[in-house]
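>>> sequence and predicted model, in that order:
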Amino acid sequence: MRKLDLSVHVAGIPLRNPVMTASGTFGYGEEFAAYVDLEKIGAIVTKGLSLKAKAGNPMPRIVETPGGMLNAIGLQNVGIETFIREKVPFLRKIATPVIVNFFGNTVEEYAALAERLDAIPEVAGIEVNISCPNVKHGGIVFGTDPKSAYSVVKAVRETTIKPLIVKLSPNVTDIVEMACACAEADADALSLINTITGMAIDLKTRRPALANVTGGLSGPAIKPVALRMVWQVSRAVKLPIIGIGGITTATDVLEFLLAGATAVQVGTANFMSPAASQQIVEDLEKYLRDNGIKDVKELIGALRV
Amino acid sequence: MRKLDLSVHVAGIPLRNPVMTASGTFGYGEEFAAYVDLEKIGAIVTKGLSLKAKAGNPMPRIVETPGGMLNAIGLQNVGIETFIREKVPFLRKIATPVIVNFFGNTVEEYAALAERLDAIPEVAGIEVNISCPNVKHGGIVFGTDPKSAYSVVKAVRETTIKPLIVKLSPNVTDIVEMACACAEADADALSLINTITGMAIDLKTRRPALANVTGGLSGPAIKPVALRMVWQVSRAVKLPIIGIGGITTATDVLEFLLAGATAVQVGTANFMSPAASQQIVEDLEKYLRDNGIKDVKELIGALRV
Amino acid sequence: MQFKSMVVSNQEVSPGYYRIRLTAPRAILEAKPGQFAMVRVRDGVDPLLRRPFGIFDVGSFTPEYPDAPRQYYFDILYKVVGKGTSILSALHFKDYVDVLGPLGTGFTPGGTGEENILVGGGFGLAPLYFLAKELVKTTPLKVFIGGRRKEDVLCVTEFEQLGIDTYVATDDGTLGSRGLVTEVLEQHLCREGGKRVVLACGPEPMLKAVARLCENYGIRCQVSLEAAMACGVGACLGCVTKGHGHSENTPSYRCVCKEGPVFDSTELLWEEL
Amino acid sequence: MQFKSMVVSNQEVSPGYYRIRLTAPRAILEAKPGQFAMVRVRDGVDPLLRRPFGIFDVGSFTPEYPDAPRQYYFDILYKVVGKGTSILSALHFKDYVDVLGPLGTGFTPGGTGEENILVGGGFGLAPLYFLAKELVKTTPLKVFIGGRRKEDVLCVTEFEQLGIDTYVATDDGTLGSRGLVTEVLEQHLCREGGKRVVLACGPEPMLKAVARLCENYGIRCQVSLEAAMACGVGACLGCVTKGHGHSENTPSYRCVCKEGPVFDSTELLWEEL
Ligand SMILES: Cc1cc2nc3c(=O)[nH]c(=O)nc-3n(C[C@H](O)[C@H](O)[C@H](O)COP(=O)(O)OP(=O)(O)OC[C@H]3O[C@@H](n4cnc5c(N)ncnc54)[C@H](O)[C@@H]3O)c2cc1C
Ligand SMILES: Cc1cc2nc3c(=O)[nH]c(=O)nc-3n(C[C@H](O)[C@H](O)[C@H](O)COP(=O)(O)OP(=O)(O)OC[C@H]3O[C@@H](n4cnc5c(N)ncnc54)[C@H](O)[C@@H]3O)c2cc1C
Ligand SMILES: Cc1cc2nc3c(=O)[nH]c(=O)nc-3n(C[C@H](O)[C@H](O)[C@H](O)COP(=O)(O)O)c2cc1C
Ligand SMILES: Cc1cc2nc3c(=O)[nH]c(=O)nc-3n(C[C@H](O)[C@H](O)[C@H](O)COP(=O)(O)O)c2cc1C
Ligand code: FES
Ligand code: FES
């Protein structure tokens, strides 16, 4: 029997299979090493980095909601230099592509981060998180304004030849418009969706359940929204898409591929089971085998509408 | 012991309690009469009406999703004249305010519906569903464009003195901007949220799970998004707010009140249990009693941030 | 009605098929064959919606403790296909579920002198058995059962115990004749004459074939349909099927939960289902 | 490690408090007192996240069937407070859960010659009992237990069976002295001298009071904290608490799941918790 082909290419990065782990839900990889064979998954996307270390938001930072969870971690991270010094050596040892997620408060910060990452050979690709307020332009969120998104992606593009993925926010009227702006700025791929802004309240204390008041909704609850956006964008834009949002099983992955994603990221599911990503890869392989599908790429965009 | 006061006023409509049923989830009231004491709930909001009867979308029209469901009913309804002839006589018999939800394809259709409803004494208030494409303006959705929303609400306002509630769509970058447009057009109250656009796929058939491809996500899954939007709008706009989205328990109702809602609507929960709305009212009363709260209005906007 | 219901028993009757007995108020005895119940299999939001199941039987018994009042029940015959039914299959004696029902229309069997021909497949046998139990006292009756394999052919013993002529067909010939149940049915229809009514419940392709057959033979035919459901009471308009409409372009959607699940086959726009 | 675990037993030990025994691989014997496990109480998305519980005991037994291999287990002592714990309380022998653990740091008790003073309340007694069982063989030990009412005071018999001096205080005086456990502790601390270490687990206000007391008396103190958790392995940064930071304006957030749940009380910014 011919070997199954699970491999895909995203933004020029060759992946042994389409299942990556989502930024912020898999730490810097090593936290999960005891539970997952890191060499079995497609790629690791690391926790969002900024130029300087960031303390993050006060606690409580997470709360469970029906079929999902809200988080307001506040982008706590060790900062890019510590990452390079302390986290990259571990990641160097594994043969799985590492995609580095990052964010800034200004276009210049984004560009500076990209430039720094461009020099790190262990970085297979970069994922730009544009769901952050643009401090120079009165706090308007880069990810909800096509012009801001264009300018930040353009600036990043000019500083790096690394594969450049832009991660889109779902908190917009028109996701296609955002996707087009990023395509015009020469992104190599798009990943979507980031979390949907939500809120929870603790009736006993009459306070918001999160110290930050609002937070980002993730998990199975948002899957229908993610799938819709992936489908909309895949029909409108030529770039490869990484589907994200509520993926917990191989079936979910297959649905995202049918909707037009070339690869996916597993986020909140890592909390439900730390072995989720590997399990999904195994189940995906089993599905292909059971259904006589030789190459996972046959399924990309194969939705019959 | 003084009697508990559960009553609220919304848009000038006196309600015995803040718990209404949401449009499209409670039919025309009579479908639920065998399971709920209709005189125990705050108000009934009827299935969205159009000028002429509407056949709706092909099936399948609904699909369950994690913690929620998608629907693409396609606004099937009997049309306003049949409603007045066949549904109002039943509603006349019960002493619960009836709020009529409706929609049109053009500003003129909205105005014509409002004018017709203005003449019906049994109609305690009208709820304008602006989540519909504006056929005259290239299909842009009234509910996602502040200018279109303004024009449709203004036109309705000019034809009726009935309490006028505008129901907002969550599929926007900035819900506050939409709320402000409706306030400027002299709406009496805002209800939010309508469903979030989503999609599901049936892996076996490789087809969308809904014949319409996309549908509206409702149920507990969307509660965090609804709560966030209610909170945002309540801080920015003076109008009373009717909170909608994933409400299944009295605790949920209390959270929406704390976030700034004056009343709420129960939607998908009616499918989980047809007696949900009445149960919620009873539990709400019990909560107030157990916590020594004499008047439910004390809780409106009482979130401690 | 809506009621909390206790599991009395829950047994696998054929591989993958279970029969569950649930307590109910006395009024359950008035359920008509073809009606169904919507079951909330557990608390919480997963699964969110109730699951519809045809009523397979109703009855009563006296629990074995002193002065026990008579206890009424109904049975469901179900196949484990997904989340809801597998949760159901794991329930034990004394677990509770929430039930809404009986809902929908029932079958309208033939009048005096008419023979009732029941045709079913899989768990479609559930309402047909309930129907047969009621009809067998008064009218001539035959049952045609189809299934993929032997394991999918349910209730043969039950029907035979009622003394009803039972014809079985399986795709692979592991039980009864090999082939489709409609082939066996057609042989029967063309061999014998007389006034008769066909009452069918099973997978849609089977119903379609049965409806076509009946049309050809000019026999009245009722079918019980399935659809994804949310409310079960005609309010959400989620469960519709296509009926013959007022105009050709505008199909008239009919609620399976309220106007059905049993329809006269001529009411339906079969070519578009 | 992550493993499927079978329920061996699950009993209410005091009103609202349960003790559940779960099978585990042999390596569970290496769990340190103060470590915890994250339990997925059932399949599906409701509840979505695992629930953290301190390890109360570990051990092994031989099942009663021929040639049964030795079976290892761990116990959890839990209070029913919400959805997850009530689902847990409804589990029976032979039900399954998914377990992740042991996780986190454990207590670092005093060295030779030091007395270990354990202070706890509610289910905070769980890790303390596990700790006491290990320590009692080698070191002098005392236990102080606080609770609102008698029912909230757990494990007194267990501690006494280990032969450990046990001091109890309840808010309403229904068991032991009336008042806060820290009052009884303070009396003890000022009455007696010697080198000692306080190891505490319980509600945050209690821990705060204990930490302040120990600071006043110059006694080393370790506390086991609680926090809402998602991953349990230090990846999501959801479970943080405030530790003393590098600068005054930027608190240094510490992961309760990985750097804790046991912290030296001096590491924490108590005034901001
Ligand atoms: C009026 C009516 C009467 C019914 N009577 C019975 C009965 O007596 N016994 C019985 O076993 N089943 C009956 N069904 C079907 C039953 O409702 C479904 O099998 C059940 O809802 C599946 O739930 P699940 O959570 O296990 O599957 P899900 O996880 O919801 O779905 C699993 C798979 O089953 C398919 N499925 C889902 N719903 C249905 C459906 N309504 N019909 C067919 N396939 C479906 C899905 O497409 C999916 O492939 C009836 C349905 C209706 C509408
Ligand atoms: C390291 C650690 C060890 C623990 N050890 C034990 C133990 O040995 N025994 C035990 O019974 N419990 C223990 N807990 C607490 C336990 O995790 C919670 O009680 C449990 O998660 C509640 O789940 P639930 O679904 O029943 O409640 P939910 O429905 O999630 O919440 C119900 C109520 O409980 C409160 N609550 C939720 N999570 C916590 C929490 N982590 N701590 C306190 N209150 C909470 C909520 O605010 C809410 O008011 C421990 C927690 C941690 C972090
Ligand atoms: C705790 C947590 C932290 C996250 N941190 C980041 C981050 O630093 N950068 C980023 O781009 N996305 C972050 N995300 C978003 C996820 O990468 C992902 O887009 C989102 O959770 C949706 O996927 P899911 O439903 O599978 O979790 C975070 C999500 C969670 C739950
Ligand atoms: C089956 C279904 C039909 C609906 N029909 C309408 C409608 O006709 N008009 C409208 O304004 N909203 C309609 N809605 C939206 C609901 O009124 C409500 O805004 C939404 O479902 C969110 O509330 P929930 O989460 O409590 O269901 C419908 C929702 C559902 C589930
Ligand atoms: S299920 Fe709601 S109308 Fe039939
Ligand atoms: S629970 Fe995820 S970091 Fe502690």
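That came in fine, so what should we check first? On a predicted model such as this, the values are computed, not experimentally measured, just so you know. Ligands and ions are numbered 1, 2, ... in the order given.
>>> pLDDT value on residue 163, please?
Defaulting to chain A. Looking at A:Pro163, its pLDDT is 98.
>>> not quite, go with chain C.
pLDDT at C:Gly163 comes out at 91.
>>> how much space between the closest residue to chain D within the stretch 51-200 of chain A and A:Gly24?
As assessed by Cβ to the nearest Cβ, chain D sits closest to A:Ile62 within the stretch 51-200 of chain A, at 3.6 Å. Where C-beta positions appear, they are placed from N, C-alpha and C, glycine not excepted. Between A:Ile62 and A:Gly24 the computed distance is 11 Å (Cβ to Cβ, to the nearest Å).
>>> between those two, what contacts are shared?
Between them, A:Ile62 and A:Gly24 share these contacting residues under Cβ atoms under 8 Å, 6 or more residues apart in numbering or on different chains: A:Asn71, A:Ile73, D:Cys236.
>>> all helices for the chain, in order.
Looking at chain A here, since you left the chain open. A:80-82, A:88-92, A:107-118, A:146-159, A:175-184, A:223-236, A:250-259, A:269-272, A:276-290 (DSSP state H).
>>> look at chain C instead
Under DSSP H, chain C gives helices at C:83-89, C:125-135, C:156-161, C:181-191, C:204-217.
>>> deepest-packed of the ones you listed, please.
Most buried of these, by mean neighbour count (mean count of other Cβ atoms under 10 Å in any protein chain shown): helix C:125-135, with a mean of 24.
>>> returning to what we had before: who wins for proximity to ligand 2 among the helices of chain C?
helix C:83-89 (19.0 Å; Cβ to the nearest ligand atom).
>>> the closest one near chain A at all?
No. Using Cβ under 8 Å from any Cβ of the partner chain, helix C:83-89 stays clear of chain A, coming no nearer than 11.9 Å.
>>> mean confidence score for that helix?
97.
>>> buried residues in stretch A:103-123?
For stretch A:103-123, the neighbour count (16 or more other Cβ atoms under 10 Å in any protein chain shown) marks A:103-107, A:109-114, A:116-117, A:120, A:122-123 as buried.
>>> distance from the chain centre to it, please.
Counting by Cα atoms, centre = their mean, to the nearest Å, stretch A:103-123 is centred 17 Å from the centre of its parent chain.
>>> cool, stretch A:141-148 as well?
18 Å.
>>> contacting residues for whatever residue of chain C ends up closest to ligand 2?
Nearest residue of chain C to ligand 2, counting by Cβ to the nearest ligand atom: C:Gly44, 11.0 Å away. Contacts for C:Gly44 (Cβ under 8 Å, 6+ apart) come out as D:Asp46, D:Lys83.
>>> cool, C:Phe159 as well?
Contacts of C:Phe159 by Cβ under 8 Å, 6+ apart are C:Tyr129, C:Ala132, C:Val143, C:Ile145, C:Thr166.
>>> I'd say C:Thr182 and C:Met206 touch.
Yes. Using Cβ atoms under 8 Å, C:Thr182 is in contact with C:Met206, at 7.0 Å.
>>> which residues do those two both contact?
C:Val119, C:Gly146.
>>> list the residues that contact the residue nearest to A:Met199 when sequence neighbours are not counted.
Nearest non-adjacent residue to A:Met199, counting by Cβ to Cβ, 6 or more residues apart in numbering or on different chains: B:Arg228, 3.8 Å away. Each residue near B:Arg228 by Cβ under 8 Å, 6+ apart is listed here: A:Thr197, A:Gly198, A:Met199, A:Thr214.
>>> closest to chain B among the residues you listed?
Using Cβ to the nearest Cβ, these come closest to chain B at A:Gly198, 2.9 Å.
>>> that closest one and A:Ile247: what is the separation?
On the measure of Cβ to Cβ, A:Gly198 and A:Ile247 end up 19 Å apart.
>>> quick one: whichever residue of the stretch 101-250 of chain A sits closest to ligand 1 from ligand 3, how far?
With Cβ to the nearest ligand atom as the measure, A:Thr249 is the residue of the stretch 101-250 of chain A nearest to ligand 1, at 12.5 Å. Remark: distance between A:Thr249 and ligand 3 (Cβ to the nearest ligand atom, to the nearest Å) = 12 Å.
>>> likewise C:Phe3?
For C:Phe3 relative to ligand 3 (Cβ to the nearest ligand atom), the value is 37 Å.
>>> which strand residues bridge that residue?
C:Val99 (DSSP bridges).
>>> surely it and C:Pro25 touch.
Yes. C:Phe3 lies in contact with C:Pro25 (Cβ under 8 Å); the separation is 5.8 Å.
>>> which residue of those two possesses the greater neighbour count?
Using other Cβ atoms under 10 Å in any protein chain shown as the criterion, C:Phe3 and C:Pro25 rank with C:Phe3 on top: 16 against 11.
>>> residue contacts, that one?
So C:Phe3 contacts C:Ala24, C:Pro25, C:Asp98, C:Val99 (Cβ under 8 Å, 6+ apart).
>>> in those residues, find the pair that's most separated.
C:Pro25 and C:Asp98 (13.3 Å; Cβ to Cβ).
>>> so what's the gap between stretch A:9-22 and the chain middle?
Using Cα atoms, centre = their mean, the offset of stretch A:9-22 from its chain centre is 12 Å.
>>> what pairs with A:Ser191 across the strands?
Residues in beta-bridge contact with A:Ser191 (DSSP bridges): A:Lys167, A:Ile242.
>>> so what's the residue count around it?
Counted with other Cβ under 10 Å, A:Ser191 comes out at 31.
>>> that one and A:Pro240 touch, don't they?
No. When contacts are counted by Cβ under 8 Å, A:Ser191 is not listed as touching A:Pro240 (9.6 Å).
>>> quick check: closest non-adjacent residue to the residue with the shortest distance to the centre of chain C.
With distances taken as Cα atoms, centre = their mean, C:Pro127 lies nearest the centre of chain C, 3.3 Å away. Spatially, and ignoring its direct neighbours in sequence, C:Pro127 is nearest to C:Gly54 (4.1 Å; Cβ to Cβ, 6+ apart).
>>> contacting residues for that neighbour?
Counting by Cβ under 8 Å, 6+ apart, the residues that C:Gly54 touches are C:34-36, C:76-77, C:123-124, C:126-127, C:130, C:201, C:224, C:261.
>>> let me know the closest of the residues you listed to B:Ser131.
Of those, the one sitting nearest to B:Ser131 (Cβ to Cβ) turns out to be C:Pro261, at 31.3 Å.
>>> was I right about that closest one contacting C:Glu226?
Yes. C:Pro261 lies in contact with C:Glu226 (Cβ under 8 Å); the separation is 7.0 Å.
>>> and the two? Which one has more around it.
C:Pro261 (28 against 20).
>>> distance check, that one against C:Asp57.
Distance from C:Pro261 to C:Asp57, by Cβ to Cβ: 17 Å.
>>> without its sequence neighbours, what residue ends up closest to the residue of the stretch 201-305 of chain A found nearest chain D?
At 4.3 Å from chain D, A:Phe271 is the closest residue in the stretch 201-305 of chain A, using Cβ to the nearest Cβ. Excluding the flanking residues, the one nearest A:Phe271 by Cβ to Cβ, 6+ apart is D:Ala230, at 4.3 Å.
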